[in-house]
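>>> below: sequence and its predicted model.
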Amino acid sequence: MDAAIPIRLLADVTKAITAGGGWEGSLRRLAELLVEELADWCVVDLLDERGQARRVVVVGHASGPDSPHPGEPSNLLPAWPEVSTAPLAQALRRRAAVLVSDVPPPENATDPLEYAQLELLARLGAHTAIAAPLDVGGRPFGVIIVTRTAADRPFTQAQVPLMESIARQSALVVDHARLYGQQREIATYLQRSLLPEFLPTLPPLHLIARYTPARTHAEVGGDWYDALVLPDGTLAFTIGDVIGHDLRATARMSQLRHMLRALALDRPGPPEDVVCRLDQALDNLHEPDVMATLIFGVARTLDAASFVLAWSNAGHPPPLLIPADGQARFVAGGHGLPIGVDASVSREEAASVTIAAGDLFLLYTDGLIERPGEDLSLGLERLGRAARDLHALPPERFLDDLTELLAPTRGDDVALLALYNAPTSPRHD
């Protein structure tokens with residue numbers, strides 16, 4: 001039976017470990033496939049930079065209170081002599097899969113590592129086992145152990161080359177995926193570090209922001225939001241999106257955000273004038289490859305319970321006004337070209353709207369509404385419906401649920417900035 005397995009199994013292994021969903025998911029699918037086709041148990045342990053191991057996958061035909069489980073420390077690498085006969089030590093030393101043809105009891109171990117390995121095999125009820133190292137370029141970072149429990153169907157030397165091939169394929173995919181995950185964490189940290197840690201308020205006007213990185217790529221993005229209080233007490237706010245998904249886009253995002261801050265503080269004026277000066281400054285700095293959409297606006301107190309918002313829109317999706325009664329509507333006006341297209345083109349006069357107590361004014365980036373191959377109007381319709389359905393939620397929960405509902409796959413970064421005019425009786429939970 002086993003002789004017919006290898007070619008088909010190797011093909012299935014390739015599909016399993018390259019199907020996406022993260023490296024732990026790939027390893028889980030691999031273990032399930034091996035238990036289905038080849039073994040009674042499959043255990044995968046990965047090493048950290050200190051050589052300590054964590055059990056990331058355990059799959060088997062049966063389990064009991066003593067069975068190993070994912071997440072437990074596996075103690076794979078206590079100190080051991082160079083000549084240790086432990087399956088793992090041999091596999092790591094040889095950089096090759098090792099057969100344990102007749103599993104001895106843990107009491108027969110001659111060193112701590114061998115004891116840990118034999119104890120694991122005893123917990124699995126193993127009669128025979130194969131330990132195969134996960135190794136890339138001579139750098140081992142884990143081990144796959146498969147076992148069979150029946151004496152009449154043992155692993156033999158015939159299956160060792162197969163497990164070696166499987167481990168080699170898996171190591172390349174997992175190593176790449178782990179590196180990808182580390183890079184993505186660094187990228188996300190960098191992106192978040194360039195966004196404001198705190199936002200000002202103009203009570204009872206409160207600003208609430210969210211940033212959610214894309215899940216489908218490791219690059220940093222160019223989405224941002226910001227707000228500041230101008231010298232005259234006016235609250236300025238902005239949201240924007242630099243074209244691109246790389247470090248260059250993030251650098252440009254930081255550059256634009258701080259330039260816009262400086263221009264607004266240096267010479268406050270109508271929003272369209274500030275945006276126009278930003279476009280001209282970039283043109284004078286000879287930055288031809290910078291392109292971004294943004295909304296820049298100001299909020300001024302109208303009376304004790306309401307505010308006037310005025311904004312200029314540089315090619316960005318339109319703001320969404322969500323009154324206290326939930327009848328959400330997009331507010332147009334103030335439109336102009338994206339930043340970096342043509343600084344000589346004049347900008348339309350700022351649009352404005354009054355927000356009363358309980359109203360919420362929402363700015364967002366296109367990751368919330370765009371879908372590949374779909375007209376943008378459909379995304380806007382979805383956003384309007386979702387806002388009407390969720391409007392009764394507290395603002396923080398509203399933004400969280402809106403993002404989860406409209407961008408569950410996170411194909412792109414999503415930034416949200418809400419200006420909420422808190423009523424005397426706030427929205428209830």
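It's in.

>>> C-alpha from now on. contacts and neighbour counts both.
Fine.

>>> show me where the stretch 301-429 of the chain has its strands.
Counting by DSSP state E, counting those that start in this stretch, the stretch 301-429 of the chain has strands at residues 306-314, 320-322, 329-330, 335-336, 351-355, 360-364, 414-421.

>>> distance check, the residue lying farthest from the centre of the chain against H127.
What lies farthest from the middle of the chain is D152; by C-alpha atoms, centre = their mean that is 47.1 Å. Per C-alpha to C-alpha, to the nearest Å, D152 is found 10 Å from H127.

>>> cool, and G326?
Distance from G326 to H127, by C-alpha to C-alpha: 66 Å.

>>> and the residue lying closest to P140 once chain neighbours are set aside, which of the three is it?
Closest residue to P140 apart from its sequence neighbours, by C-alpha to C-alpha, 6 or more residues apart in numbering: L134 at 5.7 Å. Classification of L134 by DSSP: H, G, I helix; E, B strand; the rest coil places it in strand.

>>> who touches L134 in this structure?
For L134, the contact set (C-alpha atoms under 8 Å, 6 or more residues apart in numbering) comprises P140, F141, G142, V143, I144, A167, R168, S170, A171.

>>> do the same with A422
With contacts defined as C-alpha under 8 Å, 6+ apart, A422 is in contact with P204, L205, H206, A357, G358, D359.

>>> if you rank the residues you listed by neighbours, which is first?
Neighbour counts for the contacts of A422 peak at L205, which has 26 neighbours (criterion: other C-alpha atoms under 10 Å).

>>> what about the residue nearest to that one when sequence neighbours are not counted, how many residues nearby?
Closest residue to L205 apart from its sequence neighbours, by C-alpha to C-alpha, 6+ apart: N421 at 4.5 Å. N421 is flanked by 25 other residues according to other C-alpha under 10 Å.

>>> wait, N421 touches I355, no?
Yes - counting by C-alpha atoms under 8 Å, I355 is a contact partner of N421 at 7.0 Å.

>>> which residues are in contact with both of these two?
Applying C-alpha under 8 Å, 6+ apart, one finds that N421 and I355 are jointly contacted by S306, F307.

>>> ok so, going back, make TSV from the contacts of L134 and add pLDDT, secondary structure and distance to D279 to it.
Output for the contacts of L134, formatted as TSV (pLDDT from 0 to 100; DSSP: H, G, I helix; E, B strand; the rest coil; distance: C-alpha to C-alpha, whole Å):
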residue	pLDDT	secondary structure	distance to D279
P140	77	strand	52
F141	82	strand	50
G142	84	strand	53
V143	87	strand	56
I144	91	strand	57
A167	88	helix	54
R168	85	helix	53
S170	82	helix	50
A171	82	helix	49
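
>>> and those residues as a markdown table, adding neighbour count and distance to D12?
Compiled in a markdown table, those are given as follows (neighbours: other C-alpha atoms under 10 Å; distance: C-alpha to C-alpha, whole Å):
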| residue | neighbour count | distance to D12 |
| --- | --- | --- |
| P140 | 18 | 24 |
| F141 | 21 | 23 |
| G142 | 24 | 21 |
| V143 | 25 | 20 |
| I144 | 25 | 17 |
| A167 | 24 | 14 |
| R168 | 19 | 15 |
| S170 | 26 | 12 |
| A171 | 23 | 16 |
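
>>> report the buried residues of stretch 28-43.
Across stretch 28-43, burial judged by 16 or more other C-alpha atoms under 10 Å covers 28-35, 38-43.

>>> one step back: show me the contacts for the residue nearest to L205.
For N421, the contacting residues are P204, L205, H206, S306, F307, I355, A356, A357, G358, D359, L360, by C-alpha under 8 Å, 6+ apart.

>>> hmm, 10 Å instead?
Going by C-alpha atoms under 10 Å, 6 or more residues apart in numbering, N421 touches 202-207, 305-307, 323-324, 355-361.

>>> then stretch 267-277 to PDB, C-alphas only?
What follows is stretch 267-277 as a C-alpha-only set of coordinates in PDB (Å, rounded to 0.1, in the frame of the first residue of the first chain):
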ATOM      1  CA  ARG A 267      -0.800  80.300   8.000                       C
ATOM      2  CA  PRO A 268      -4.300  79.100   8.800                       C
ATOM      3  CA  GLY A 269      -6.800  79.700   6.100                       C
ATOM      4  CA  PRO A 270      -9.600  78.100   4.200                       C
ATOM      5  CA  PRO A 271      -9.100  74.400   3.800                       C
ATOM      6  CA  GLU A 272      -8.800  74.600   0.000                       C
ATOM      7  CA  ASP A 273      -5.900  77.200   0.400                       C
ATOM      8  CA  VAL A 274      -4.000  74.900   2.700                       C
ATOM      9  CA  VAL A 275      -4.400  71.900   0.400                       C
ATOM     10  CA  CYS A 276      -3.300  74.100  -2.600                       C
ATOM     11  CA  ARG A 277      -0.200  75.200  -0.700                       C
END
